[in-house]
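*Asks:* Pasting the sequence and the predicted coordinates here, then a few questions.
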Amino acid sequence: MTAALSHQTVLLREAVEALTIKPAGVYVDGTFGRGGHSRAILEQLGPNGRLIAFDRDPQAIAAAQAMNDSRLTIVHRAFGDLAPVLHDVGVSVVDGVLLDVGVSSPQIDDGERGFSFRFDAPLDMRMDTTRGETAAEFLATAEIRDITEVIRNYGEERFAFQIAKKIVAARSERPLATTGQLAALVREAVRTREPGQDPATRTFQALRIHVNQELEQLALVLPQALDVLQPGGRLVVISFHSLEDRIVKLFMRKLVKGEPDNLPRGLPVQHVAFEPKIKIHGKAQTASDAELKANPRSRSAVMRVAEKLR
């Protein structure tokens, strides 16, 4: 399959409305994907507006470059590099940051990328195919303990140790090189699974998160996004996994409470340090019934919105 596969952008209208676009504003789309959010933002920007879009995927970068819009700056970097990239492109403050976290449908549906157990393909799983360690390379050398921790922590898989044992035993006989090999091993190790879910689901998710350092990138970008937002600017985050949403929720909760960072206990602190830094807009939002019907992959999406106060 090719990168031109159809992609339905999740919470498209809701996310762009939450940004409250100013025609002459400057905005960041942390994951261009196939440009659903970016196109909607550009539709509301005037000739003096600007959008800086990030993506790690070379196919996404090619799709962005094909748009040929002078207001769009596309950057082939992870959004965890937000602050240095904005400095490099001459931007000091922005009016809004949108983060659509996780893997995109074209990446999953392109069997050659190795994200899905539905296709027998090279065990890659990298969002950026130009750099970094593949899932196959990680599994070829990692200790049982490390494989177990990845699958348990990122996949919330209770049979993580059994799966890791299977992987290490199998690789001693021949290299674990394809998604089909891995899926077969996991199905042997997982004794029970929720109805309708493939036994390999959690393991593939965990390895993808690990290979791409998805949670680390999210933890890196959130404070950078707050720093570059000007007062009144909006931070909009769409996550698709409970671990991602937990990071976002705790980050926002701390800023609402105005908790100072890394201060020793008992140190005198001015009252202003405890004032809220953000205001949360509404409750966590999920896909509507209509969107769920049209796009079942939106079922796990959770959107949170915050506005910078100072």
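*Replies:* Nice, thanks for sending it over. Not measured: the values here are computed from a predicted model.
*Asks:* ok, Ala189 touching Lys165?
*Replies:* Yes: applying Cβ atoms under 8 Å, one finds Ala189 in contact with Lys165, separated by 7.5 Å. Placement of C-beta: from N, CA and C, glycine included.
*Asks:* Who has more neighbours out of the two?
*Replies:* The neighbour comparison of Ala189 against Lys165 (other Cβ atoms under 10 Å) goes to Ala189, with 20 against 16.
*Asks:* so who does the residue nearest to Leu99 when sequence neighbours are not counted touch?
*Replies:* Spatial nearest neighbour of Leu99, excluding adjacent residues (Cβ to Cβ, 6 or more residues apart in numbering): Gly30 at 4.1 Å. Gly30 sits next to Phe54, Phe79, Leu82, Val97, Leu98, Leu99, Asp100, Val101, Val221 when contact means Cβ atoms under 8 Å, 6 or more residues apart in numbering.
*Asks:* In what element of secondary structure is the residue lying closest to the third one once chain neighbours are set aside found?
*Replies:* With Cβ to Cβ, 6+ apart as the criterion, Leu82 has its nearest non-adjacent residue at 4.4 Å, and that residue is Gln224. In the assignment (DSSP states H and E), Gln224 maps to helix 214-228.
*Asks:* Give the other helices and strands that the strand or helix carrying His210 contacts.
*Replies:* His210 is located in helix 201-212, with elements delineated by DSSP H and E. If you count contacts as 3 or more Cβ pairs under 8 Å, 6 or more residues apart in numbering; DSSP states H and E, helix 201-212 packs onto helix 135-141, helix 144-155, helix 179-189.
*Asks:* Quick one: those as CSV, columns for mean pLDDT and distance to Arg39 too.
*Replies:* As requested, those are exported to CSV (pLDDT from 0 to 100; distance: least, Cβ to Cβ, whole Å):
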stretch, mean pLDDT, distance to Arg39
helix 135-141, 98, 31
helix 144-155, 98, 31
helix 179-189, 96, 32
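*Asks:* how about those, which one is nearest Glu214?
*Replies:* helix 144-155 (8.4 Å; Cβ to Cβ).
*Asks:* lowest-confidence helix or strand of this structure?
*Replies:* None of the helices or strands of the chain scores lower by mean pLDDT, DSSP states H and E than helix 105-109, at a mean of 75.
*Asks:* Run the chain-centre distance for that helix.
*Replies:* Its chain's C-alpha centre and that of helix 105-109 lie 14 Å apart, by Cα atoms, centre = their mean, to the nearest Å.
*Asks:* how about low-confidence regions in the stretch 1-150 of the chain?
*Replies:* Applying pLDDT under 70 to the stretch 1-150 of the chain flags residues 1-7.
*Asks:* Helices of that one, residue ranges please.
*Replies:* Counting by DSSP state H, counting those that start in this stretch, the stretch 1-150 of the chain has helices at residues 12-19, 36-44, 58-65, 82-88, 105-109, 135-141, 144-155.
*Asks:* Give me the most central residue, this protein.
*Replies:* Val101 (2.3 Å; Cα atoms, centre = their mean).
*Asks:* Once you drop chain neighbours, what's closest to that one?
*Replies:* Closest to Val101 by Cβ to Cβ, 6+ apart is Ser239, at 4.7 Å.
*Asks:* Same check on His281?
*Replies:* Val305 (4.3 Å).
*Asks:* which SS class is that neighbour?
*Replies:* Secondary structure, DSSP: H, G, I helix; E, B strand; the rest coil: Val305 is strand.
*Asks:* Please shift the residue numbers so they start at 35 in all later answers.
*Replies:* Shifting the count to begin at 35 puts that one at Val339.
*Asks:* is it true that it touches Lys317?
*Replies:* No: shown here, Val339 and Lys317 do not form a contact pair, counting by Cβ under 8 Å, at 9.7 Å.
*Asks:* Name the residue in those two with the higher neighbour count.
*Replies:* Val339 (25 against 9).
*Asks:* Could I get the contacting residues of that one?
*Replies:* Contacts of Val339 by Cβ under 8 Å, 6+ apart are Ala52, Arg268, Leu269, Val270, Val271, Ile314, His315, Gly316, Gln319.
*Asks:* Reformat the helices of the stretch 35-184 of the chain as a markdown table; add mean neighbour count and distance to Val290.
*Replies:* Shown next, in a markdown table, are those (neighbours: other Cβ atoms under 10 Å; distance: least, Cβ to Cβ, whole Å):
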| stretch | mean neighbour count | distance to Val290 |
| --- | --- | --- |
| helix 46-53 | 20 | 17 |
| helix 70-78 | 20 | 25 |
| helix 92-99 | 19 | 33 |
| helix 116-122 | 17 | 21 |
| helix 139-143 | 20 | 33 |
| helix 169-175 | 18 | 37 |
| helix 178-189 | 19 | 27 |
